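A.B. asks: Pasted the sequence and its predicted model underneath.
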Amino acid sequence: MFLRQLSIINYKNLSQIELDLSPKLNCFIGNNGMGKTNLLDAIYYLSFCKSHTNPVDSQIICHHSDFCMLQGKYEFPDHSIEEVYCAIRRRQKKQFKRNKKEYERLSDHIGFIPLVMISPADNELIIGGSDERRRFMDMVISQFDKNYMHSLIRYNRALQQRNIILKNEEENIDLNLLEIWEEQITDEGTLIFEKRKAFIDRFIPIFNRFYNLISRSNETVSLNYISQLKESDLHHLLKRNRKKDMMLGFTTVGIHKDDLEMLLNDFPIKKTGSQGQNKTFFVSMKLAQFHFLLETTKTKPLLLLDDIFDRLDSSRVEEIIKLVLENEFGQIFISDTNRKSLDKMLEKTAHTDYHLYSVKNGYINRITD
Ligand SMILES: Nc1ncnc2c1ncn2[C@@H]1O[C@H](COP(=O)(O)OP(=O)(O)OP(=O)(O)O)[C@@H](O)[C@H]1O
């Protein structure tokens with residue numbers, strides 16, 4: 001599956017774009033602030049119904065406009081074409097359509113166009129709070145397991161209800177109602193825990209393989225799933241911590257406290273990793289995500305590489321280039337501020353069907369040399 005045509009109107013600084021894309025490699029070169037990330041973000045939006053960088057939809061509409069539009073035409077292995085369309089107007093519900101039919105629930109679209117984006121913002125996976133790492137697990141698992149996403153929605157709703165009850169004075173708390181929400185938290189939380197555990201068990205060897213390839217086995221890394229549910233079942237944990245939770249007014253146990261421990265040479269990478277090592281770590285996680293999705297969905301996700309070569313030494317750049325040009329990877333979009341890494345990539349690729357574009361002040365032009 002690949003994105004054949006992309007149309008954009010008023011997406012951030014991209015006022016009007018029409019692109020016919022290469023099924024393999026598309027490179028975008030431009031100075032800082034020209035619109036390269038915005039372009040990749042638009043492609044991301046068509047897969048996830050939301051921006052990778054802006055949590056609020058109104059922020060993605062061009063400052064001087066009231067609406068924006070994205071349209072992608074995707075070609076599938078049987079040569080069928082699927083058209084995905086999105087229109088966002090200020091202060092209105094966004095429209096998201098596939099083949100002109102509007103989705104009832106945006107969650108039905110997630111996973112239809114699998115996509116992995118790697119960008120400098122992924123450093124948050126390492127230096128950010130545990131919510132970043134939980135979001136990573138949730139995002140990967142949701143792309144191949146719809147039930148997981150629905151469990152997560154139900155878990156969060158039940159958790160919210162329990163927290164509302166806990167905010168009451170102790171004597172006003174309805175214990176029967178608390179019990180009902182705890183049962184739902186237990187059922188959904190246990191399922192989510194089992195799925196996260198199974199996912200991480202399969203994910204770790206893939207991640208290690210990528211890290212060793214890129215770093216040429218220069219350092220050892222490990223990932224470890226941390227969950228209170230490894231020690232005790234959730235129902236028991238909720239009961240045991242009720243008193244404390246009543247005093248605090250929120251739920252202190254559950255899968256919303258899970259984390260991923262990330263070690264570099266047996267020490268937390270957050271505290272010891274260099275910028276290049278951090279980057280190698282999150283790039284390996286994202287490439288492992290790609291591989292994992294390919295294995296589970298049997299579809300090659302689109303791969304978006306936003307300015308990822310900065311801060312990496314030349315051997316690591318070379319290994320990443322070698323890796324992504326392997327057959328396992330399908331359509332690739334890559335942005336950079338200079339042509340050095342891209343030229344290296346183009347030298348190595350046996351594919352002649354790459355497209356090279358320049359990005360300047362929101363305008364994108366194909367370079368034909
Ligand atoms: N809603 C918006 N309307 C208009 N322009 C916007 C909007 N949001 C962001 N921009 C503009 O988009 C530009 C940033 O684009 P982008 O992040 O794609 O740059 P880039 O080419 O990836 O740069 P870098 O190499 O520095 O990462 C900025 O000039 C910013 O002002």
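C.D. replies: Structure's in. What do you need?

A.B. asks: how many neighbours does residue 233 have?
C.D. replies: If you count neighbours by other C-beta atoms under 10 Å, residue 233 ends up with 12. (Each C-beta comes from the backbone N, C-alpha and C, glycine too.)

A.B. asks: Which pLDDT value belongs to the residue nearest to it when sequence neighbours are not counted?
C.D. replies: Beyond its immediate neighbours in the sequence, the residue positioned closest to residue 233 (C-beta to C-beta, 6 or more residues apart in numbering) is residue 190, lying 7.1 Å away. Residue 190 is assigned 97 on the pLDDT scale.

A.B. asks: Contacts only, for residue 190.
C.D. replies: 229, 233-234 (C-beta atoms under 8 Å, 6 or more residues apart in numbering).

A.B. asks: Could you look up the SS state of it?
C.D. replies: For residue 190, the secondary structure call by DSSP: H, G, I helix; E, B strand; the rest coil comes out as helix.

A.B. asks: separation between it and residue 296?
C.D. replies: Applying C-beta to C-beta, to the nearest Å, the value for residue 190 to residue 296 is 22 Å.

A.B. asks: Quick check: phi and psi on residue 300?
C.D. replies: phi -80, psi 120 (degrees, to the nearest 10).

A.B. asks: That one: neighbour count?
C.D. replies: Count around residue 300 with other C-beta under 10 Å applied: 18.

A.B. asks: Quick check: nearest residue in space to it, chain neighbours excluded?
C.D. replies: Here the residue nearest residue 300, using C-beta to C-beta, 6+ apart, is residue 330, at 3.2 Å.

A.B. asks: my guess is that neighbour is in a helix, correct?
C.D. replies: No - under three-state DSSP, residue 330 sits outside any helix and is assigned coil.

A.B. asks: What count of nearby residues applies to it?
C.D. replies: Neighbours around residue 330, by other C-beta under 10 Å: 17.

A.B. asks: now swap in residue 353 and tell me
C.D. replies: 9.

A.B. asks: So the closest residue to it other than its chain neighbours, which state does it fall into?
C.D. replies: Counting by C-beta to C-beta, 6+ apart, residue 353 lies nearest to residue 22, which is 5.1 Å off, once chain neighbours are set aside. Here residue 22 is recorded as coil under three-state DSSP.

A.B. asks: can you tell me how far residue 22 sits from residue 251?
C.D. replies: Look at residue 22 and residue 251: by C-beta to C-beta, they are 49 Å apart.

A.B. asks: These two: who's more crowded?
C.D. replies: When residue 22 and residue 251 are compared for neighbours, residue 251 comes out ahead with 23 against 20, by other C-beta under 10 Å.

A.B. asks: Any residues of this protein in contact with the ligand? List them.
C.D. replies: When proximity is defined by C-beta under 6 Å from any ligand atom, the chain lies next to the ligand at 12-13, 30, 32-38, 59-63, 307, 337, 359.

A.B. asks: and the residue nearest to residue 233, how far is that from residue 112?
C.D. replies: Distance of residue 190 to residue 112, given as C-beta to C-beta: 29 Å.

A.B. asks: so which residue of the stretch 101-250 of the chain comes closest to the ligand?
C.D. replies: Of all residues in the stretch 101-250 of the chain, residue 120 sits closest to the ligand, with a separation of 7.9 Å (C-beta to the nearest ligand atom).

A.B. asks: in the stretch 101-250 of the chain, which spans are strands?
C.D. replies: Along the stretch 101-250 of the chain, the segments classed as strands by DSSP state E, counting those that start in this stretch run 101-102, 115-118, 221-226.

A.B. asks: looking at it, the residue nearest to residue 300 is touching residue 298, isn't it?
C.D. replies: No - Residue 330 is not in contact with residue 298 according to C-beta atoms under 8 Å; the separation is 11.9 Å.
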